[in-house]
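Asks: Provided below for reference: sequence and predicted model.
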Amino acid sequence: MSCRRSPPAKPLHSLQKPRIANQESDTASDCLGSDPDQGNQSTISRRQKRKHSDTTRCEIKDMLAAVQLEQKLQAIKFEEEMNKMLHQNKEMMQSIQHMSDKYDEVLKQLQQSKAENVAFKNHIKFLEQKLEFLDRNSKSSSLELRNIPANQPETRTTLTNTIRTIGDVLKIDIQNTDIRNIYRPKKISGNISPILVEFSSSLMKEEIIKATKIFNKQNKEKINTMHLKLGGVPQPIFISEVLTTRARRLYFLAREYVKNHKHASCWTSYGKVYIRKTEGEPPKLISTEEDIPKVTNL
């Protein structure tokens, strides 16, 4: 008679381990698929992970290499641009320096031209003064008699007789030998042309001018055509020294200035123009037009 016995009971932990293994197997099966060869699947899975990691690393290296190459190209391009800018800047600086040198050269030439211009002006002024001096000396013994009507026919003799008659009125003995030249210029306008007389010395000229001033001051009727025994309405006769063109203009401007500013007097002596601001003050010599307004500031 055979006896059947139940197998001995397994410990509890031994029963639970396969379950854990089964769970792990199930989990692995779920992850790896339905392939029964779980060992092979586990090996293949681990290889795929390593291959994926290597690919990523290579891609990163390629990306870094590409970035480095791009940065290097950009650096080269930037360096080329910088060199180009430096070259342009150098050319610009050279151009500026060239322009600066040209400017300095032009400025130097301009300053030299200004200095030469000043020298020329001073030389011209000197020549004008010298010419004025010579012209004034040539007229130092000449007189101008204005507002004397012309006689027809008028000759050197008749003009000489006229000036000698004026000398008689002024009580001055004028001889023919005292007169070097006498003439009346041709009439240019409707006014009467003056009589120009040149004496042999400037002393005679100054004596006649002085006597004329005394006569006009002492007599109510100033010297006029009636004293020359000329017919018609008496006309005043003006006797003055002959001025140069420059002195004549100065005298005209000085008289207008004295009249407008109510100064004392204006006159000429030895071809020069003088202004007296008030009576008793010393006269002011007028050499140029700029000297006229300075009289007021004295």
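Replies: Arrived safely. As the structure is a computational prediction, the values presented were derived from the model and not from experiment.
Asks: all helices of the stretch 151-298 of the chain, in order?
Replies: With helices called from DSSP state H, counting those that start in this stretch, the stretch 151-298 of the chain shows them at 156-169, 202-218, 245-261.
Asks: Could you list the low-confidence segments of the stretch 51-200 of the chain?
Replies: Per-residue confidence for the stretch 51-200 of the chain (pLDDT under 70) gives these ranges: 51-52.
Asks: which residues does the residue nearest to His263 when sequence neighbours are not counted contact?
Replies: Spatial nearest neighbour of His263, excluding adjacent residues (Cβ to Cβ, 6 or more residues apart in numbering): Lys277 at 5.0 Å. Placement of C-beta: from N, CA and C, glycine included. Applying Cβ atoms under 8 Å, 6 or more residues apart in numbering to Lys277 gives the contacts His263, Ala264, Lys284, Val295, Thr296, Leu298.
Asks: can those go into JSON lines with extra columns for distance to Asn181?
Replies: Formatted as JSON lines, those follow (distance: Cβ to Cβ, whole Å):
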{"residue": "His263", "distance to Asn181": "36"}
{"residue": "Ala264", "distance to Asn181": "36"}
{"residue": "Lys284", "distance to Asn181": "34"}
{"residue": "Val295", "distance to Asn181": "36"}
{"residue": "Thr296", "distance to Asn181": "41"}
{"residue": "Leu298", "distance to Asn181": "40"}
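Asks: Show me just the buried residues among the residues you listed.
Replies: By neighbour count, with 16 or more other Cβ atoms under 10 Å, the contacts of Lys277 hold His263, Lys284, Val295 as buried.
Asks: wait, which of those is closest to Phe126?
Replies: When the buried ones among the contacts of Lys277 are ranked by distance to Phe126 (Cβ to Cβ), Lys284 comes first, at 23.2 Å.
Asks: Give me the domain ranges for the chain.
Replies: 103-139, 141-242, 243-298 (automatic domain parsing).
Asks: So for Gln88, which of the ones you listed sits nearest?
Replies: domain 103-139 (21.8 Å).
Asks: And what about Ile148, helix, strand or coil?
Replies: coil (DSSP: H, G, I helix; E, B strand; the rest coil).
Asks: Hmm, it is touching Asn191, no?
Replies: No - Ile148 is beyond contact range of Asn191, at 11.8 Å (criterion: Cβ atoms under 8 Å).
Asks: what's the longest helix anywhere in the chain packed up against?
Replies: Across the chain, the longest stretch assigned as helix under DSSP state H is helix 38-138. Other helices and strands packing on helix 38-138, by 3 or more Cβ pairs under 8 Å, 6 or more residues apart in numbering; DSSP states H and E, are helix 12-32, helix 245-261.
Asks: And the contacts of the last one?
Replies: With contact meaning Cβ under 8 Å, 6+ apart, helix 245-261 is reached by 128, 132, 135-136, 243, 263-266, 268, 271-273, 275, 286, 288-289, 292-293, 295-296.
Asks: switch the cut-off to 6 Å
Replies: Here helix 245-261 makes contact (Cβ atoms under 6 Å, 6 or more residues apart in numbering) with Glu132, Cys266, Thr268, Gly271, Val273, Ile275, Ile286, Ile292.
Asks: got the buried residues for it?
Replies: Buried, per 16+ other Cβ under 10 Å, within helix 245-261: Arg246, Ala247, Leu250, Tyr251, Ala254, Tyr257, Val258.
Asks: cool, and stretch 190-200?
Replies: Pro194, Ile195, Leu196, Val197, Glu198, Phe199.
Asks: got the CA positions of it in CSV?
Replies: Extracted C-alpha coordinates of stretch 190-200, given in CSV (Å, rounded to 0.1, in the frame of the first residue of the first chain):
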residue,chain,number,x,y,z
GLY,A,190,30.0,177.9,-67.3
ASN,A,191,32.0,179.4,-64.5
ILE,A,192,34.7,182.0,-65.1
SER,A,193,38.2,180.4,-65.4
PRO,A,194,40.7,181.6,-62.8
ILE,A,195,43.9,183.5,-63.6
LEU,A,196,47.0,181.5,-62.6
VAL,A,197,50.1,183.6,-62.0
GLU,A,198,53.6,182.2,-61.0
PHE,A,199,56.0,184.6,-59.4
SER,A,200,59.7,184.4,-59.4
